[in-house]
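Chemist: sequence? don't have it. structure:
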Ligand SMILES: Nc1ncnc2c1ncn2[C@@H]1O[C@H](COP(=O)(O)OP(=O)(O)OP(=O)(O)O)[C@@H](O)[C@H]1O
Ligand SMILES: [Mg+2]
């Protein structure tokens, strides 16, 4: 077994990176895949969304990135069968200034997960907003990247910026970033985007604007059950899989299983 590593990335905040990462991990785990979720965000939302009490964390991604602690020593079992979590704590905020003084700063995560790939089918990396070293470490350590977008008026502008960021990362790291899949989150047809653009189908419009950028574009509807599942600390697959967002994330997870084969051939 060699894991397929996937980063969830967008420099903009609140686009649904964590929600998508956790809910996709839930389905993969339900289907018997061994999943490691890496929380690379000082907000530690993925850590809470998997039901981990932050006060119980002894070693976190801070220790991995700064003190060379092995991820396997920081990783925790979660209540969800087949999901392990490398947790974040707020002290991750101090990591970037440390990394700027470190050689090979963009490869720290990639190197630290190399030896783990044989234990997991999937390693999913939740990155924080902003164009800093966390997103760079996340996408450089990944075989492919999932981009999440909220269907607002600036969604397409965001893609242009993101493409520039990915090109820059490619230039400095030599690693080709594969933004395989885009997810429009909290999507409904009365969204701000459709109203302001006077368009009925925001997914179609955004798809047009993303021609040639992504292989597939999925939409996940706004659903209160997503929020409830996060409060409970479980993925939607383990809470209300039949709600609209649950069904949408299941389809996306099926696509991720198909991407698995494609990425591995690369
Ligand atoms: N389909 C959905 N239905 C309802 N609420 C959603 C849905 N998707 C995301 N949300 C909510 O939107 C908010 C932002 O989502 P999320 O935290 O996943 O974004 P993010 O990109 O990880 O944010 P950040 O950039 O701060 O890390 C959260 O409160 C989440 O519960
Ligand atoms: Mg997040």
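Modeler: Structure's in. What do you need? In this text the structure is predicted, and so the values were computed from the model without any measurement. Ligands and ions are numbered 1, 2, ... in the order given.
Chemist: count of neighbours near residue 163?
Modeler: 15 (other CB atoms under 10 Å). Every residue, glycine included, has its C-beta placed from N, CA and C.
Chemist: got a list of what the residue in the stretch 51-200 of the chain that ligand 1 sits nearest to touches?
Modeler: Nearest residue of the stretch 51-200 of the chain to ligand 1: residue 129, at 3.7 Å (CB to the nearest ligand atom). Residue 129 is in contact with 10-15, 17, counting by CB atoms under 8 Å, 6 or more residues apart in numbering.
Chemist: which phi and psi does it have?
Modeler: phi -70, psi 170 (degrees, to the nearest 10).
Chemist: From residue 256, how far off is it?
Modeler: According to CB to CB, to the nearest Å, residue 129 and residue 256 sit 22 Å apart.
Chemist: Likewise for residue 233?
Modeler: 22 Å.
Chemist: who's more crowded, these two?
Modeler: Neighbour totals were compared for residue 233 and residue 256, and residue 256 leads with 24 against 19 (other CB under 10 Å).
Chemist: what's across from residue 38 in the sheet?
Modeler: residue 86, residue 125 (DSSP bridges).
Chemist: re the thing from before, including pLDDT, neighbour count and distance to residue 56, could the contacts of residue 129 go into TSV?
Modeler: As requested, those are exported to TSV (pLDDT from 0 to 100; neighbours: other CB atoms under 10 Å; distance: CB to CB, whole Å):
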residue	pLDDT	neighbour count	distance to residue 56
10	91	28	29
11	89	17	31
12	90	19	31
13	93	11	27
14	93	14	27
15	93	25	29
17	97	29	24
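Chemist: Farthest pair within those residues?
Modeler: 11 and 14 (11.6 Å; CB to CB).
Chemist: Could you give the number of residues near residue 64?
Modeler: Residues near residue 64, counting by other CB under 10 Å: 25.
Chemist: what helix or strand is it on?
Modeler: Assigned by DSSP states H and E, residue 64 belongs to helix 61-67.
Chemist: what number of residues lie near the residue nearest to residue 1 when sequence neighbours are not counted?
Modeler: The shortest distance from residue 1 to any non-neighbouring residue, by CB to CB, 6 or more residues apart in numbering, is to residue 118 (5.7 Å). Residues near residue 118, counting by other CB under 10 Å, number 9.
Chemist: Looks to me like residue 118 is in a strand.
Modeler: No: under DSSP: H, G, I helix; E, B strand; the rest coil, residue 118 sits outside any strand and is assigned coil.
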